[in-house]
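Q: What follows is a predicted protein model with its sequence.
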Amino acid sequence: MGDEHPAVRTPIFVVSDGTADTGAAVAQATMAQFHVDWALRRFGGIRNETLARKIVAQAEQVGALVVFTLVDRRVAHALIEEGARRGVPTLDVLGGMISQVALHLRAEPRAEPGLLHGFSDDYFRRVEAVEFAVRHDDGANPHTLVRADLVLTGISRTSKTPLSMYLAQRGYKTGNVPIVPGIDPPAGLLDLDPRKVFALSVDPSLLLTIREARVRTLGAPPYTTYADPESLLDEVRRARRLYRERGWRVIDITGRAVEENAARILRFVEGEA
């Protein structure tokens, strides 16, 4: 299933029930705007829900973004749902355009009868939220964070991206900004209403284990402070002090699934709406 390039920093999976050429072209045009290394993997001929879910599971293992062009909405919905469950970002390349054209022309697309009535305002809201989360992942575009419904922050490896993508699938425009030792947080984060910002924390011993595994995976030199216990504890203390000073709500994600952490955050968000 698909041609594969060597794994590099940003993996992108393109899933299609056809050749995957359209999704690949969109991915290539998009990634040309970024100065990052990335790898494209195609999955063509995907026409059942089980295969779609398996691909999302693979994407979770390597931290991939999943771009898809699936005409069969049952397969597309299976892929989206699995992405939300696993915290894997998914982007529907054709669905939004097909539905908009169908609404504009008041015509049914040939791929599936009933599609005209299958897209609601909620669907478009979720698509817009996912696009926002992708554009504001890992500190990107801090100057437009003010448009977010909520923003996640935290030190490295506190599950900011999976949680932000899950919240986006629920229809909330979510940004995430890392707290990096020795670097001041961007003004776009510091200027936000503190009620919009949620700081993620995790038990330091678990965080150390996660970072040690990350270092082994990346082949980083052993002298790096990234997974040094003393440096990590100092990083955690400094981050917690920042959270208190800014008045941000702290969400301890230790031992909790993405869905549970999202539900805790949304109780705050929806309670203040």
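A: Arrived safely.

Q: Is it correct that I179 is in contact with R246?
A: No. With contacts counted by Cβ atoms under 8 Å, I179 stays clear of R246, the gap being 10.7 Å. Any C-beta I mention is one placed from the backbone N, CA and C, and that applies to glycine too.

Q: So the two - more neighbours on which side?
A: Counting neighbours by other Cβ atoms under 10 Å for I179 and for R246 shows that I179 has the greater number, 22 against 15.

Q: what's the spacing between the more buried one and G139?
A: Per Cβ to Cβ, to the nearest Å, I179 is found 10 Å from G139.

Q: Just after the helix ranked longest in the chain, pick out the following helix or strand.
A: Assignment by DSSP state H gives helix 229-246 as the longest helix of the chain. Once helix 229-246 ends, the next helix or strand along the chain (criterion: DSSP states H and E) is strand 249-252.

Q: which helices and strands sit right next to that following strand?
A: Judged by 3 or more Cβ pairs under 8 Å, 6 or more residues apart in numbering; DSSP states H and E, the packing partners of strand 249-252 are strand 197-201, helix 258-271.

Q: pLDDT of that strand, averaged?
A: Confidence for strand 249-252, expressed as mean pLDDT, is 97.

Q: can you pull the buried residues of that strand?
A: Using 16 or more other Cβ atoms under 10 Å as the test for burial, strand 249-252 gives I251.

Q: partners of it, with directions?
A: Within its sheet, and counting by DSSP bridges, strand 249-252 is paired with strand 197-201 (parallel).

Q: quick one: contacts of the next helix or strand after the partner strand?
A: Where DSSP H and E defines the elements, the next helix or strand beyond strand 197-201 is helix 204-218. Outside helix 204-218, the residues within contact range by Cβ atoms under 8 Å, 6 or more residues apart in numbering are 155-158, 202, 224, 226-227, 229, 232-233, 236, 254.

Q: same question, stretch 241-252
A: With contact meaning Cβ under 8 Å, 6+ apart, stretch 241-252 is reached by 153, 179, 185, 190, 194-195, 197-203, 240, 261, 264-265, 268.

Q: do the same with stretch 53-61
A: The contact list for stretch 53-61 (Cβ under 8 Å, 6+ apart) reads 1, 11, 13, 15, 43, 46, 64-66, 78-79, 82-83, 86-88, 90.

Q: Mark which of the residues you listed are part of strands, please.
A: Counted as lying in strands by DSSP state E, out of those, are P11, F13, V15, F43, L65, V66, T90.

Q: which of those has the most neighbours?
A: With neighbours taken as other Cβ under 10 Å, the top of those is V15, carrying 29 neighbours.

Q: State the three-state secondary structure for the spatially closest residue to that residue that is not a sequence neighbour.
A: In space, V15 comes closest to F68 once its chain neighbours are excluded; the distance is 4.1 Å by Cβ to Cβ, 6 or more residues apart in numbering. Put simply, F68 is strand when judged by DSSP: H, G, I helix; E, B strand; the rest coil.

Q: count of neighbours near F68?
A: The number of residues packed near F68 is 27, by other Cβ under 10 Å.
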